[in-house]
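Peer 1: Need a 3D model of the following:
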Amino acid sequence: MTRHLKSKSNAVVPSGEAPWPLVGSHVSVAGGLDKGVARAVEAGCDCIQVFTKNNNQWNAKPLTEEGIAAWKAALAASSLRHPIAHASYLINLAAPDDVLWQKSIDALVVELQRGDALSLEGLVVHPGAFTTSDEATGMQRIVAAIDKAFQQYSPQTCRLLLENTAGQGSCLGHTFPQLGWLLDNIQAPAQVGVCLDTCHAFAAGHAIETEAGFRAMRAEIDDYLPSGCIEALHLNDSKKGCGSRVDRHEHIGEGLIGKAGFLHLFADPLLRNIPGYLETPKGEDSQTGEDLDHKNLRILREIAAAAQATTSF
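Peer 2: Below is the predicted model:
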């Protein structure tokens, strides 16, 4: 495989330096992007993911100089690291319909431009669904769409991160061979990486709750993905079973992946050092009143500590 990206993963560091594990959450930016920073800090995040626009609308209200400055100032005043965004769910880079396909490319360009304006490290996007065409055609459409987007705009700080999917319907990117093929065929591979979602991997058929299943997934990552291409993790438990191909996120340790799956992740020399972002339901614990992001992050750190205590780092 061609090597595309130098790993930006953080090495395990002694206490008192950078935090480990690096875990955070996708947070709301209602009221302004800088408000998202405040919410992430309050929840105890080390890193942050946001939408830079309404994720269910094509149109994007232009970023203002004041809004950009407020975001950057809030981020600089915090200890948050590795800010990234998630692209609109409307984007379908595999669409067989030319109008929707071009609309998706144009929307992707806007999202990358916004990511650069905000000095984000990455933009997570679902590869796309082939709908009425076929897998091979859909894969080629994704590559062509990304190539066209990069011809229109070459991102500076904001890499495009292709997210593995659960494989619902005709969604592509649910296998590591598919993701590897995409990375190998995009014309500007240095601008593209991968975001690995634990729930999606499990739903797509990787039994990461077992040691054997986790090792099998890691072997596929090594076999099919370029070294260092995984730049972000989505840390989500799963409501649905392994191989269900149904994407339903659950709180950490409360789903079918369970704490065991995340223990395997934090014991892994590659994945344990990559920034991880929750996409679990928001709210408060009904019994304790604890913020659910705070609770999930606390549990992740407890699992990481257990992994560190039992693994030779």
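Peer 1: Please make it C-alpha for all contacts and neighbour counts, starting now.
Peer 2: Fine.
Peer 1: what residues are up against the spatially most central residue of the chain?
Peer 2: Central residue of the chain (C-alpha atoms, centre = their mean): Cys195, 4.0 Å from the mean position. Applying C-alpha atoms under 8 Å, 6 or more residues apart in numbering, we find Cys195 in contact with Val124, Leu161, Leu162, Glu163, Asn164, Ile230, Glu231, Ala232, Leu233, His234.
Peer 1: Make CSV out of those and add pLDDT and distance to Trp20.
Peer 2: CSV is the format used below for the contacts of Cys195 (pLDDT from 0 to 100; distance: C-alpha to C-alpha, whole Å):
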residue, pLDDT, distance to Trp20
Val124, 98, 22
Leu161, 98, 22
Leu162, 98, 24
Glu163, 98, 23
Asn164, 98, 24
Ile230, 98, 18
Glu231, 98, 16
Ala232, 98, 15
Leu233, 98, 14
His234, 99, 16
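Peer 1: Can you tell me which of the residues you listed is nearest Ala145?
Peer 2: Closest to Ala145 out of these is Leu162 (12.8 Å), distances taken as C-alpha to C-alpha.
Peer 1: The closest one in helix, strand or coil?
Peer 2: Assigned by DSSP: H, G, I helix; E, B strand; the rest coil, the conformation of Leu162 is strand.
Peer 1: wait, what's in contact with it?
Peer 2: Contacts of Leu162 by C-alpha under 8 Å, 6+ apart are Val124, Val125, His126, Pro127, Leu179, Val192, Gly193, Val194, Cys195.
Peer 1: Could you work out the most separated pair of the residues you listed?
Peer 2: Val124 and Leu179 (13.6 Å).
Peer 1: Need phi/psi at the residue lying closest to Thr311 once chain neighbours are set aside.
Peer 2: Spatial nearest neighbour of Thr311, chain neighbours left out: Ala267 (6.3 Å); criterion: C-alpha to C-alpha, 6 or more residues apart in numbering. Phi and psi for Ala267, reported as degrees, to the nearest 10, are phi -90, psi -10.
Peer 1: isn't Ala267 right up against Gln308?
Peer 2: Yes: look at Ala267 against Gln308 with C-alpha atoms under 8 Å: they come within range, at 6.8 Å.
Peer 1: Tell me which of these two has more neighbours.
Peer 2: Taking other C-alpha atoms under 10 Å, Ala267 and Gln308 do not tie; Ala267 has more neighbours (22 against 15).
Peer 1: Now do the contacts for the closest residue to Leu162 other than its chain neighbours.
Peer 2: Nearest non-adjacent residue to Leu162, counting by C-alpha to C-alpha, 6+ apart: Val194, 4.7 Å away. Val194 makes contacts with Leu160, Leu161, Leu162, Glu163, Asn164, Cys229, Ile230, Glu231, Ala232, as judged by C-alpha under 8 Å, 6+ apart.
Peer 1: State the number of residues packed around the fifth one.
Peer 2: Looking back up the chat, that one is Asn164. Neighbourhood size, Asn164 [other C-alpha under 10 Å]: 27.
Peer 1: Now it, what are its backbone angles?
Peer 2: Taking degrees, to the nearest 10, you get phi -60, psi 140 for the backbone angles of Asn164.
Peer 1: Return the distance of it relative to Thr52.
Peer 2: 21 Å (C-alpha to C-alpha, to the nearest Å).
Peer 1: so Ser25 sits in a helix?
Peer 2: No: with three-state DSSP as the criterion, Ser25 is strand rather than part of a helix.
Peer 1: I figured it hits Gly44, correct?
Peer 2: No: Ser25 is beyond contact range of Gly44, at 9.2 Å (criterion: C-alpha under 8 Å).
Peer 1: Looking at these two now, which is surrounded by more residues?
Peer 2: Ser25 (26 against 19).
Peer 1: Show me what that one is bridged to.
Peer 2: Residues in a beta bridge with Ser25, per DSSP bridges, are Ile48, Leu278.
Peer 1: per-residue pLDDT, it?
Peer 2: Ser25 is assigned 98 on the pLDDT scale.
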